[in-house]
Structures are given as C-alpha cells and as structure tokens.
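Attaching a predicted model along with its sequence, questions to come.
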Amino acid sequence: MKHALVTGITGQDGAYLADFLLKKGYRVFGTYRRLSTPNFWRLQYLGIFDKVELLPVDLLDSFSITEAIKIAQPDEIYNLAAMSFVGASFEQPLASAEITGLGVVKFLEAMRNIAPDVRFYQASTSEMYGDNLFTEQSEDTLFEPSSPYAAAKLYAHSMVKIYRKGYGLFACNGILFNHESPIRGLEFVTRKITNAVAKISLGLEDYIELGNIDAKRDWGYAPEYVEAMWLMLQQDEPDDYVVATNETHTIREFLEVAFDHVGLDWEKYIRIDERFMRPVDVRYLKGNYDKGREKLGWEPLTKFSGLAEIMLKSDVERWKKWVNGEHFPWDAWNYPNEKKILSRKLKLDR
Ligand code: NAP
Ligand code: F7E
C-alpha cells in the first residue's frame, strides 16, 4: 500500500486530496497544527476524519517535519501547507516568508538527507505572475510577484527547481490558478460572496462589503485540481505544470451569477469598501494549461457558472439547516464578521 504525507490536511485542498488518495487506496498521513480550538471540520464534512492519520507539524519547526517523514515513511509528499490568504500576507510578511517560503526548503532538505526517493509536490500558484500582464499565463511566462505571499511562493518554487536539478529529487511545482469549493475558506472572495448571498436570500444579512470587484480570475473546482497534483507525481520525470480552466471572469461577474441563482439584483446588495482593497492587486489571471492537458491528460470539467452554482447551493442548504437548528461540521456559523478584525486596512473608524 502506498503512503502519502499531506501537509495542510485541515485546509481546502488537503481535505479533498486526502479524500482522493484514500479512494485510490493510499494510506494517508496528514499534518496539522496544534490549535487551542481544533479545526478538523473539513475532514468531518467529507466523512474522512476517521480514515486519515494525523501528525503534528508546524512548518516553522524543521524537527517536526523530519519526524513526520520518519513516521509516515511516505512514497509521496504533497506540501499544501502555507499561509494562503494573500490579504493576510500584507499584514504578516515575515510569517509568510518563514512558513510559505522557508518551510518548503525544510522539506527539501529533510528529503535530501533522509528520503531522497520520495516524490514531492509543491503547491505553487498563479499569484507568482503578479500584476504585469494582460495575456494568458503558461509555465514559460515571466513571474513578477505583487504580494509577500507571491514572493514567498516564488522563492519556494525556485528552490524546488534547484533541488530537482541539483540533487535529482523528484520534485514538482503545480502552478495552480484559483480553485474554489463549498469548503473554501470564508475570507476568499468567492466563498465570501456565496456565503453572504445565501444569508441575504434568507434574510439573515443585508449587504456585502467588497474591495476591487474588477479583478479577473481563472476559477476552477478544487476537487478536480487535486487530481492534477496526483497526476504530476505519477509521471516518469518530475516537471512543473499550470492547472487552470483558461477562462477569466471578474468578481463583478461572479456576483451577477451568484445573485441570479437566488433571483436578486446584485447591485442592490454591494458596498465597495476601501478597506478591502490590497496595497497591490493582481488584476488579470488566465491560465494556459496546454502542457497539463497533453502530458497529464488532465482537463477541467467544472467551469465558472457551474462552480458558482455548486458553492451557492451548498451555502444556502447549510444556512437553511442552521435556521432549523441543525448542527453539523461547518465553518460559517461561528466565523466573525470581517469588520471585527482590525488590521492595517480594517482599522478603527474614529
Ligand atoms: P487553506 O485552505 O488556507 O489551507 C492551508 C493549510 O496550511 C491549512 O491546513 C493550514 O493549517 C496549514 N498551515 C498554515 N500555516 C501552517 C504552518 N505554519 N505549519 C503547518 N501548517 C500550516 O489553503 P488551500 O486553498 O487548501 O491551498 C492549499 C495550498 O495551495 C496552499 O499552499 C496555497 O497557498 C496553495 N494554492 C492555493 C490555491 C487556491 O486557489 N486554493 C491556488 C494556488 C495555490 P490550519 O488549518 O491550522 O490553519
Ligand atoms: O481574491 C478581490 C481581490 O482572496 C481574489 C488564494 O487561494 O488564489 C487565492 O488568492 C480577488 C483579488 O484570492 C474582496 O482583491 C475584492 O483580486 O479570493 P481571493 P486570491 O488573492 O486570488 C491564489 C491562486 C492563491 O494562490 C491564494 O492562496 O478578489 N477582492 N473584494 C476580494 N478578495 C477578498 N478576499 N475579499 C474581498 O472582500
């Protein structure tokens, strides 16, 4: 039986990947951070909490990484752990560098020393392209990061290539464009919108506050993207691949589609708030995944409006259950309104 070690198993991709690998017959080890309040709700939501084995790892602690590799004895490592919210990386640039950048090198070094035959997947990102282009992006496009998150990811991406070339490690970068789902974190714009639209449609909220709704993103469906991660590690040679849909849409369009599903006019429920604007934003992302299609045989099936529908239906269903007093593993009911969080942008109004 193959062993997989998945970092960040409590996150969106970690949970879907664990589910995918279990169905493929893997023994799945997942790393989690010790928190004062456990956050295994995604694993519970997918019904796999009892099927995975958990190991305590913090990417700030290289000994915990080495120990996890020794215990799990993996054939494949999927490094999905990161501080993944771009907005927060402007608030915590040093933590971004330490966790999202240096954390990856701790894995590569551990592999070089004690597990050189393990196959390694690194969660790279379309954010690395930055805000310099208005044409679609491929594996050959220049990177020009526009956030501490993207800069840290580009460092990690480069180190994966260096260890692959220099030490012969089987290490791949998946340059994934935005991918969403009903278990996406609530602060990301798609889920922020579907969660709020569900509440508005049930009379539980009045409006949504957003930042730059003209930004364009290439949004796909997360359960399909984790298969591409796995496919990369099944090839004869390690390489880097773009995973995307090759479509791009504004946040404005996402609002239209989401509100359409509940029969409301989006423009009546939106407030643009300067506090949700980023110091630098990425305005245009559209991924060319020709290489992945040809070499991995991977193709996205769920596109923009189908994705919005899946997310919205699920949020409406959950809030209806909540109104009826039902309890189940879910994040939104105890999530603080973002206005509660004071930060550089979201500071006190006086
Ligand atoms: P996510 O839901 O935010 O999950 C991130 C995971 O990383 C969580 O399990 C989190 O643990 C863990 N983590 C954070 N800091 C850590 C630390 N110091 N030590 C150990 N674990 C830590 O993100 P996602 O959407 O699943 O994304 C997975 C990966 O793909 C990330 O690396 C992200 O940057 C990258 N990526 C995502 C997208 C996308 O559109 N989703 C696109 C391209 C690349 P807690 O639960 O304890 O916080
Ligand atoms: O923002 C704009 C915001 O936070 C998308 C991560 O998974 O994908 C994700 O990063 C766009 C940006 O995702 C709000 O300014 C407007 O232009 O959903 P997001 P992201 O920054 O693209 C990449 C590929 C990753 O790798 C990351 O880990 O939406 N936007 N108003 C807003 N965004 C948020 N979050 N909240 C707003 O109110």
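Structure received. Ligands and ions are numbered 1, 2, ... in the order given.

just the helices in the stretch 151-300 of the chain please.
189-201, 222-233, 251-261, 290-296 (DSSP state H, counting those that start in this stretch).

cool, and the stretch 1-150 of the chain?
12-23, 41-45, 62-72, 86-91, 93-95, 103-114, 148-167.

Same list, those, but as CSV with distance to ligand 2, mean neighbour count and mean pLDDT please.
Quick note: C-beta positions are derived from backbone N, CA and C, even for glycine. Formatted as CSV, the helices of the stretch 1-150 of the chain follow (distance: least, CB to the nearest ligand atom, whole Å; neighbours: other CB atoms under 10 Å; pLDDT from 0 to 100):
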stretch, distance to ligand 2, mean neighbour count, mean pLDDT
helix 12-23, 8, 23, 98
helix 41-45, 15, 20, 97
helix 62-72, 21, 17, 98
helix 86-91, 4, 20, 95
helix 93-95, 14, 13, 97
helix 103-114, 14, 20, 98
helix 148-167, 7, 20, 98
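
could you dump those helices to JSON lines with distance to Asn212?
Below are those laid out as JSON lines (distance: least, CB to CB, whole Å):
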{"stretch": "helix 12-23", "distance to Asn212": "22"}
{"stretch": "helix 41-45", "distance to Asn212": "28"}
{"stretch": "helix 62-72", "distance to Asn212": "36"}
{"stretch": "helix 86-91", "distance to Asn212": "11"}
{"stretch": "helix 93-95", "distance to Asn212": "20"}
{"stretch": "helix 103-114", "distance to Asn212": "29"}
{"stretch": "helix 148-167", "distance to Asn212": "16"}
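
Tell me which of the ones you listed approaches ligand 1 most closely.
For ligand 1, the closest of the helices of the stretch 1-150 of the chain is helix 12-23, at 3.5 Å, according to CB to the nearest ligand atom.

Let me know whether the closest one sits next to ligand 1.
Yes: judged by CB under 6 Å from any ligand atom, helix 12-23 comes into contact with ligand 1 at Gln12, Asp13, Gly14.

Give the buried residues for stretch 224-241.
For stretch 224-241, burial by neighbour count (16 or more other CB atoms under 10 Å) applies to 224-233, 238-241.

Show the end-to-end separation of it, please.
15 Å (CA to CA, to the nearest Å).

which residue ranges form the strands in the stretch 251-350 of the chain?
Here the stretch 251-350 of the chain has its strands, by DSSP state E, counting those that start in this stretch, at 270-272.

need the residues of it near ligand 2, please.
Ile251, Phe276, Arg278, Asp281, Val282.

at 8 Å what do you get?
Contact residues, the stretch 251-350 of the chain versus ligand 2 (CB under 8 Å from any ligand atom): Ile251, Asp273, Phe276, Met277, Arg278, Asp281, Val282, Arg283, Leu285, Glu338.

Just the pLDDT for the closest residue to ligand 1 within the chain.
Residue of the chain nearest ligand 1, by CB to the nearest ligand atom: Gly11 (2.0 Å). In the predicted model, Gly11 carries a pLDDT score of 98.

Can you add distance to Cys172 and give the residues of helix 12-23 next to ligand 1 back as TSV?
Formatted as TSV, the residues of helix 12-23 next to ligand 1 follow (distance: CB to CB, whole Å):
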residue	distance to Cys172
Gln12	20
Asp13	15
Gly14	17
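
right, and out of those, which lies closest to Pro74?
Gly14 (14.3 Å; CB to CB).

Low-confidence stretches in this structure?
344-350 (pLDDT under 70).

swap the cut-off to 90 and go again
37-38, 132-134, 274-275, 327-350 (pLDDT under 90).

Serialize the helices of the stretch 151-300 of the chain to a markdown table and add fields for distance to Thr100.
Shown next, in a markdown table, are the helices of the stretch 151-300 of the chain (distance: least, CB to CB, whole Å):
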| stretch | distance to Thr100 |
| --- | --- |
| helix 189-201 | 20 |
| helix 222-233 | 17 |
| helix 251-261 | 24 |
| helix 290-296 | 23 |
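
which one of those helices lies closest to Gly306?
helix 251-261 (9.8 Å).

Export only the CA atoms of the closest one, formatted as CSV.
Extracted C-alpha coordinates of helix 251-261, given in CSV (Å, rounded to 0.1, in the frame of the first residue of the first chain):
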residue,chain,number,x,y,z
ILE,A,251,-15.6,39.4,-9.3
ARG,A,252,-18.5,41.5,-10.7
GLU,A,253,-19.5,38.6,-13.0
PHE,A,254,-19.3,36.2,-10.0
LEU,A,255,-21.7,38.5,-8.1
GLU,A,256,-24.1,38.5,-11.0
VAL,A,257,-24.2,34.8,-11.3
ALA,A,258,-24.4,34.1,-7.6
PHE,A,259,-27.3,36.6,-7.0
ASP,A,260,-29.0,35.3,-10.2
HIS,A,261,-29.3,31.9,-8.6
